[in-house]
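Engineer: 3D, please:
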Amino acid sequence: MAAPGPGEYFSVGSHVSCLTCLGQRLQGEVVAFDYQSKMLTLKCASSSGKANLNDVILINLAYVSDVDIINDRTETPPPLASLNVSKLANRARTEKEDKLSQAYAISAGVSVEGQQLFQTIHKTIKDCKWQEKNIIVMDDVVISPPYQVDNCKGKEGSALSHVRKIVEKHFRDVESQKSMQRSQAQQTQKDSTLSS
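Structural biologist: Numbering: from 1, shown residues only. Below you'll find the model as predicted:
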């Protein structure tokens with residue numbers, strides 16, 4: 001069976017197998033089907049191999065050469081799981097705050113290095129914010145430009161020590177990455193010189 005004709009559709013819960021125009025066989029449970037756009041959504045076994053996860057694949061049936069219905073579901077599908085709206089609202093609010101923080105840093109003229117350091121710290125410690133060009137961590141530690149370990153100021157203690165370790169590791173990782181890129185560039189240059 002090729003793409004569905006007029007009046008044909010796929011029932012939610014049915015199991016189908018599709019052969020794409022690239023020769024790839026996709027098989028899974030129908031989660032959704034939009035007749036107008038000819039888009040089919042399948043829930044498939046996880047590509048990671050984890051049993052508690054699934055892959056969700058969107059398939060444009062215009063690029064499918066064959067569709068086989070393995071098991072057609074005729075009964076009414078189960079109701080959709082309810083969404084935790086407050087959790088979604090909190091996630092949206094947090095994402096918005098993060099983006100506004102990034103925009104503030106850019107508009108304040110913070111260096112790229114400072115922005116990258118802020119992102120690194122924020123992954124570990126959520127309680128960090130900008131105060132002009134300074135990074136404030138847990139309201140205890142202030143990191144001022146040029147954002148090196150020596151620029152971490154605050155009351156001596158575990159918070160300051162922890163933040164200094166994060167800053168130190170961040171710049172060590174950045175330097176390691178730059179060093180690797182330089183060696184790759186030199187190797188590419190050697191390879192192109194040898195082949196000339």
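Engineer: Bridged to the closest residue to Ile59 other than its chain neighbours, which residues?
Structural biologist: In this structure, Ile59 finds its nearest non-sequential neighbour in Leu40, 4.6 Å apart by Cβ to Cβ, 6 or more residues apart in numbering. Quick note: C-beta positions are derived from backbone N, CA and C, even for glycine. Leu40 has these beta-bridge partners by DSSP bridges: Phe33, Ile59.
Engineer: Could you do Ile136 as well?
Structural biologist: Following DSSP bridges, Ile136 is listed with bridge partners Lys129, Val142.
Engineer: For it, give me its contacts.
Structural biologist: Applying Cβ atoms under 8 Å, 6 or more residues apart in numbering to Ile136 gives the contacts Cys128, Lys129, Trp130, Val142.
Engineer: OK, contacts around the third one?
Structural biologist: By Cβ under 8 Å, 6+ apart, Trp130 lies in contact with Ser101, Tyr104, Ala105, Ala108, Val110, Phe118, Ile136.
Engineer: The second one too?
Structural biologist: Taking Cβ under 8 Å, 6+ apart, we find Lys129 in contact with Ser101, Ile135, Ile136.
Engineer: Closest one to Gln187 out of those, please.
Structural biologist: Ile135 (36.2 Å; Cβ to Cβ).
Engineer: What sits closest to the closest one if chain neighbours are left out?
Structural biologist: Spatial nearest neighbour of Ile135, excluding adjacent residues (Cβ to Cβ, 6+ apart): Ile143 at 4.2 Å.
Engineer: So what's the residue count around the one you found?
Structural biologist: By other Cβ atoms under 10 Å, 26 other residues sit near Ile143.
Engineer: Likewise for Asn54?
Structural biologist: Using other Cβ under 10 Å, the number of residues around Asn54 comes to 17.
Engineer: same deal with Val16?
Structural biologist: Residues near Val16, counting by other Cβ under 10 Å, number 22.
Engineer: so what's it bridging to?
Structural biologist: Taking DSSP bridges as the rule, Val16 bridges to Gly28, Ile69.
Engineer: correct me, but it touches Asp68?
Structural biologist: Yes. In terms of Cβ atoms under 8 Å, Val16 counts as a neighbour of Asp68; the distance is 6.6 Å.
Engineer: what residues do these two have in common as contacts?
Structural biologist: Both Val16 and Asp68 lack any common contact, where contact means Cβ under 8 Å, 6+ apart.
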